[in-house]
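*Asks:* predicted coordinates and the sequence they were generated for:
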Amino acid sequence: LTPLHHLSRTTLTTHRDDLIALSHSLHAEPELAYEEHRSARKIADLAERAGFDVVRGVCDLPTAFTATAGSGDLVIGVCAEYDALPGIGHACGHNVNGAAATAAALALAPVADELGLTVKLIGTPAEESGGGKVDLLRGGAFDDVAAAMMVHAAPTDAIGMTSLAISSWEVAYAGRTAHAAAAPHRGVNAADALMIAQVAIAAHRQQMVPGGAVHGITTSGGEASNVIPGRTTASYDCRAETLADLRELQSRIRACFEAGALATGAELTLTPVGNDYADLRQDAEMSALYAAAATALGRTVPPRDPSLRGGSTDMGNVSHLIPTIHPMIGYDSAGALMHNPDFTRHGTTPGADRALLDGGLALAWTAIELARNEGHRARLLARLASRRPN
């Protein structure tokens, strides 16, 4: 390890108690997508106290921010997530994610100028629902970023995994109510429209794109059994292995919903919910640097396995434009998986605290190697230049 590595570790040790307190505070006050006012403020305040230049409410998102340190031409974007899940809080461990990203940024700050780096901590709301990173991409927050990184809480460490592309719809059929016994012929049955769509989706599963999945729930389907339902609503997700496959699947599933409207005479409204998420593409060279850093910290990191697949993340959209890593940082959760209240309960254990510190330092050391190695640096800056208009 070089003196730069040791300085980053010493800096992180200095901030250790603040970072653990941040993680525990985020966990204690979970906030939902686009409503993470306290969470964003806690992270931004800590970065500001550490000397970062903080801009709040970037890209017209009240709960997004950027915090920068250094002035080098190689801009490393460290993504902080901090939204929670309805009812079960930080069951995806975003308190660890947000604190680990902050740890990485703090550890890099004192070595940034010597390395020709700009450290950019990006507060990214609404990963669980909505896709804040897509909003930030669209708004220009990533325009100067040459490499993007974060770690995600999990039961075990992993690198190189991918995720599924996803889109979400709110489905509504508007029919016409009528007395179910006296005048059913005067009604237009919105519940039948949804039923026909569901049958069409079920029939399509045999021909669905490989790896594709469609799942949904009925959210309303009528008020009384003796009234022809005049309105029915549902929530549906489509997932696929790639963004291209997702577009194909969306087209077919849209046709299934349209079939319900055509067969019954009901009027269909399909409303997208948030942004579509792309599949995650992790950079192999950056993943190898992260694995070496995590191993040097005493962690056991399995070999990179691109066939591993998680759920879906808006970090996928970032990865289609920018060299990106999104490794998993593990801690004992007594067998509980993410999106489970049992996983929530392990988010402030000593293992989770160690994970946020290890994850943050491993990201920092990855960034140091990207800056020190002329080959890595040139590749990232060339990729950045290719994204910019001539």
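*Replies:* All right, it came through fine. This is a predicted model, so every value here is computed, not measured.
*Asks:* which parts of the one helix or strand residue 357 maps to are buried?
*Replies:* Using DSSP states H and E, the element containing residue 357 is helix 350-372. Across helix 350-372, burial judged by 16 or more other C-beta atoms under 10 Å covers 352-371. C-betas here are computed from N, CA, C, even on glycine.
*Asks:* how many neighbouring residues does residue 34 have?
*Replies:* The local packing of residue 34 (other C-beta atoms under 10 Å) involves 18 other residues.
*Asks:* quickly find the element holding it.
*Replies:* Per DSSP H and E, there is no helix or strand for residue 34.
*Asks:* residue contacts, it?
*Replies:* Neighbouring residues of residue 34 by C-beta atoms under 8 Å, 6 or more residues apart in numbering: 61, 62, 63, 83, 125, 126, 130, 132.
*Asks:* so which of the residues you listed sits lowest on pLDDT?
*Replies:* Among the contacts of residue 34, residue 130 has the lowest pLDDT, at 95.
*Asks:* check the gap between that residue and residue 148 for me.
*Replies:* Distance of residue 130 to residue 148, given as C-beta to C-beta, to the nearest Å: 19 Å.
*Asks:* which one's more surrounded, those two?
*Replies:* Higher neighbour count among residue 130 and residue 148: residue 148, with 25 against 20, using other C-beta under 10 Å.
*Asks:* confidence score at the more buried one?
*Replies:* pLDDT for residue 148: 98.
*Asks:* all numbers from here: first residue = 709
*Replies:* Okay, residue one is now 709; in that scheme the one you just asked about reads as residue 856.
*Asks:* wait, a strand at it?
*Replies:* Yes: assessed by DSSP: H, G, I helix; E, B strand; the rest coil, residue 856 belongs to a strand.
*Asks:* could you list every helix and strand that the host helix or strand of residue 714 packs against?
*Replies:* Here residue 714 sits within helix 711-722, counting by DSSP H and E. Counting contacts by 3 or more C-beta pairs under 8 Å, 6 or more residues apart in numbering; DSSP states H and E, helix 711-722 is packed against helix 802-816, helix 1058-1080.
*Asks:* would you turn those helices into a markdown table with distance to residue 885 and mean pLDDT?
*Replies:* What follows is the helices and strands packed on helix 711-722, written out as a markdown table (distance: least, C-beta to C-beta, whole Å; pLDDT from 0 to 100):
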| stretch | distance to residue 885 | mean pLDDT |
| --- | --- | --- |
| helix 802-816 | 43 | 98 |
| helix 1058-1080 | 52 | 98 |
